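Trainee: could you work out the structure for the sequence below:
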Amino acid sequence: MDPRIHQCPGLTERDIALLHKVEAGLPITADVSRADLLLCCRLADDQILVVRHAIPHSISSIYIKDVTGRLFTPKDQPLVYRALTEERGGTRAKQVISSGAPVIQQAYPIRNAAERVIAALLVETNMIEHERHRRRDKSFRRAVRWLQEMAVRGELEIPEPLSGFGPLDGIYLVDDQLRIRYLSGIATNLFRSIGYVQDLRGQPVSVLEPVDQDLVDQAIQANRCIELRTESEDGRVWVRTVIPLRAPVRSWQHWRRRLQRHLSALAGATPHRFTQVDGALVLIHNATERVQRERELNVKSAMIQEVHHRVKNNLQTIAAILRIQARRCETSEARQHLTDAVNRILSMSVIHEFLSQDQHQPINIRDVCQRILSQTQHVALRPGHQVTMRVEGPNIRLPASQATAAALVLNELLMNAMEHGLAEQEAGEICIRLADHGDRVEIVVEDNGPGLPADFEDRRHQSLGLQIVHTLVTDDLKGELRFESRCERCPQEQGTRARVCFPKAPVAAGP
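Mentor: Got it, this is the predicted structure:
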């Protein structure tokens, strides 16, 4: 609800509480009505504020986007203005300016306990849907009108959010004697698919599945909406939503029904136990395919996570074998090559470890940095070599493809800093700085070593690690790589800074 509702003059806290109850019933009412619903109030300058726009799921909205918060003049919405000022509703046809399509408007004044009009509900239906509705069964048209008026009075009790009513969902109407008075074509086909081939109109709801009568009984006795998802033995999954209906007190149907019940009681018949409800709408959504797809996705997800877990274990096993091989090498050069390979393998295993936890979640690159730093300290540090390592910057989440390339880049840059930047020092410092620039990510690895040598460019093309970094940054990450001295104008702050900057790829949504 738009917060400017408090600017509407004359509204008390009880009035606003009533409007919140009205608002709660608008989404399902818009779906069943197949119409846009606008809850409006009047501002001090006579402008009309849309405090809530309920967009239907059962049909395309007549608006391009949600108009909650929009202001209209009395000339724009004369029907609403009349309901707010003259305290009477009405119906009229209107041309939608954006498309020129005709729309049928119906306005309801909303009254508080003192019968003062505090707001108005505007129901806007496109002409095609309006004509379809006119051709539907009379009892169903009356039920939709009752539903709209219950919403206006704030009488729709919805303890939990409802799943809504879509264009492929079925609906049927039960009267106060629990007899089926109307079934939509989709509802008829749904019941036919499970063996109900006879005409169900006029039949008691008990002829349907037991869950139908049980849900209708519960909803009518509690006088509130109830929703339940059921799964049959054959794997069919249906979601049923029951909406109890009450006729307006001023309607002749209300008094006729009350008189019939009173006469039945005088005649000695058992009075009907549902004295406060005049019927119910039952919405049916066939969720079988969606649930089956979700289950298949869950199974595939579990299998993929298990694969990532096994890949991680296999990579760690390979790294352990290479460590053993490195210890048996007779030359330091061969030992160093194997140690570099171990670090590259372990860097990839870090990503698979994260993916084995949840492959659909983006990977926090800061966590990856911490894990790679820890690995480097255990694997690459020689005895007596003291290097302080830390990570600075925010959490940055990347898709798995980018996180894998970034992890390998980080590993190579760290190893380069250890082997070249700090090779001649007994103690040193390495810092990884992360920066999120919105659409771009920056990763900086810097050390406090002697800085870049004069022949760095020549060495750069000869180093396998730096060639790997260049390929990953330019080809995989589509980014830029730059090496620089930490502070050319501050000789006392020696060191090297490797700066990687690349565009952030969109993160794929989970299932």
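
Trainee: and A505, how many neighbours?
Mentor: Other residues lying near A505 total 15 when counted by other CB atoms under 10 Å. In short, each C-beta sits where N, CA and C put it, glycine included.

Trainee: how far away is it from V444?
Mentor: Distance of A505 to V444, given as CB to CB, to the nearest Å: 20 Å.

Trainee: next SSE after the worst-scoring helix or strand of the chain on mean pLDDT?
Mentor: Here the helix or strand of the chain ranked lowest by mean pLDDT, DSSP states H and E is helix 252-266, holding a mean of 53. Per DSSP states H and E, the first helix or strand lying C-terminal to helix 252-266 is strand 279-286.

Trainee: now do stretch 448-460: distance from first to last residue.
Mentor: With CA to CA, to the nearest Å as the measure, stretch 448-460 spans 19 Å from end to end.

Trainee: list the buried residues for that stretch?
Mentor: By neighbour count, with 16 or more other CB atoms under 10 Å as the criterion, the buried positions of stretch 448-460 are N448, G449, P450, G451, L452, R460.

Trainee: centre of the chain to the lengthiest helix in the chain, how far?
Mentor: Criterion DSSP state H: the longest helix present in the chain is helix 288-327. How far helix 288-327 lies from its chain's middle: 27 Å, per CA atoms, centre = their mean, to the nearest Å.

Trainee: then stretch 68-87?
Mentor: 33 Å.

Trainee: and that stretch, C-alpha only, in CSV?
Mentor: Only the C-alpha atoms of stretch 68-87 are listed here, as CSV (Å, rounded to 0.1, in the frame of the first residue of the first chain):
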residue,chain,number,x,y,z
THR,A,68,0.3,2.0,-7.3
GLY,A,69,1.1,5.5,-6.2
ARG,A,70,-0.2,7.2,-9.4
LEU,A,71,-2.3,10.3,-9.1
PHE,A,72,-5.4,11.0,-11.1
THR,A,73,-7.6,14.0,-11.4
PRO,A,74,-11.4,13.9,-11.1
LYS,A,75,-11.5,14.4,-14.9
ASP,A,76,-9.3,11.3,-15.4
GLN,A,77,-11.4,9.1,-13.2
PRO,A,78,-14.9,10.7,-12.8
LEU,A,79,-16.5,7.4,-11.7
VAL,A,80,-14.0,7.1,-8.8
TYR,A,81,-14.4,10.7,-7.9
ARG,A,82,-18.2,10.3,-7.8
ALA,A,83,-17.9,7.3,-5.6
LEU,A,84,-15.7,9.2,-3.2
THR,A,85,-17.7,12.4,-3.1
GLU,A,86,-21.3,11.4,-3.9
GLU,A,87,-21.0,8.1,-2.1
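
Trainee: would you mark the buried spots in that stretch?
Mentor: Using 16+ other CB under 10 Å as the burial criterion, the residues of stretch 68-87 that qualify are T68, R70, F72, Q77, P78, L79, V80, Y81, R82, A83, L84.

Trainee: show me those residues that map onto helices.
Mentor: Judged by DSSP H, the subset of these located in helices is P78, L79, V80, Y81, R82, A83, L84.

Trainee: could you chop the protein up by domain?
Mentor: With domains defined by automatic domain parsing, the chain comprises 1-155, 157-286, 291-503.

Trainee: sorry, back to before: would you reformat the buried residues of stretch 68-87 as CSV and include pLDDT and distance to I468?
Mentor: As requested, the buried residues of stretch 68-87 are exported to CSV (pLDDT from 0 to 100; distance: CB to CB, whole Å):
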residue, pLDDT, distance to I468
T68, 94, 53
R70, 93, 56
F72, 93, 62
Q77, 91, 66
P78, 92, 71
L79, 92, 70
V80, 93, 67
Y81, 93, 71
R82, 93, 74
A83, 92, 71
L84, 92, 70
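
Trainee: which two among those are spaced furthest apart?
Mentor: T68 and R82 (22.1 Å; CB to CB).

Trainee: does G393 touch L434 like I think?
Mentor: Yes. At 3.0 Å, G393 counts as touching L434 under the criterion of CB atoms under 8 Å.

Trainee: what's the overlap in contacts for these two?
Mentor: Contact criterion CB atoms under 8 Å, 6 or more residues apart in numbering; residues shared by G393 and L434: R366.

Trainee: quick one, helices of the stretch 401-511 of the chain?
Mentor: Taking DSSP state H, counting those that start in this stretch to define them, one finds helices in the stretch 401-511 of the chain at 456-462, 464-471.

Trainee: least confident of these, on average?
Mentor: For the helices of the stretch 401-511 of the chain, the weakest mean pLDDT is recorded on helix 456-462, namely a mean of 70.

Trainee: for E129, state which of the buried residues of stretch 448-460 is nearest.
Mentor: Nearest to E129 among the buried residues of stretch 448-460, counting by CB to CB, is R460 at 68.3 Å.

Trainee: got a list of what the closest one touches?
Mentor: The contact partners of R460, by CB under 8 Å, 6+ apart, come to L466, F483.

Trainee: please redo it, this time with the cut-off set to 10 Å
Mentor: Counting by CB atoms under 10 Å, 6 or more residues apart in numbering, R460 touches N416, L452, L466, Q467, V469, H470, F483.

Trainee: so which helix or strand takes in the closest residue in space to D367 that isn't next to it in sequence?
Mentor: Spatially, and ignoring its direct neighbours in sequence, D367 is nearest to F354 (7.4 Å; CB to CB, 6 or more residues apart in numbering). Here F354, judged by DSSP H and E, is contained in helix 332-357.

Trainee: what pairs with the helix or strand just after that helix, parallel or antiparallel?
Mentor: Later in the chain than helix 332-357, the nearest helix or strand by DSSP H and E is strand 363-364. With DSSP bridges as the test, strand 363-364 is paired with strand 397-398 (antiparallel).

Trainee: understood, closing this out.
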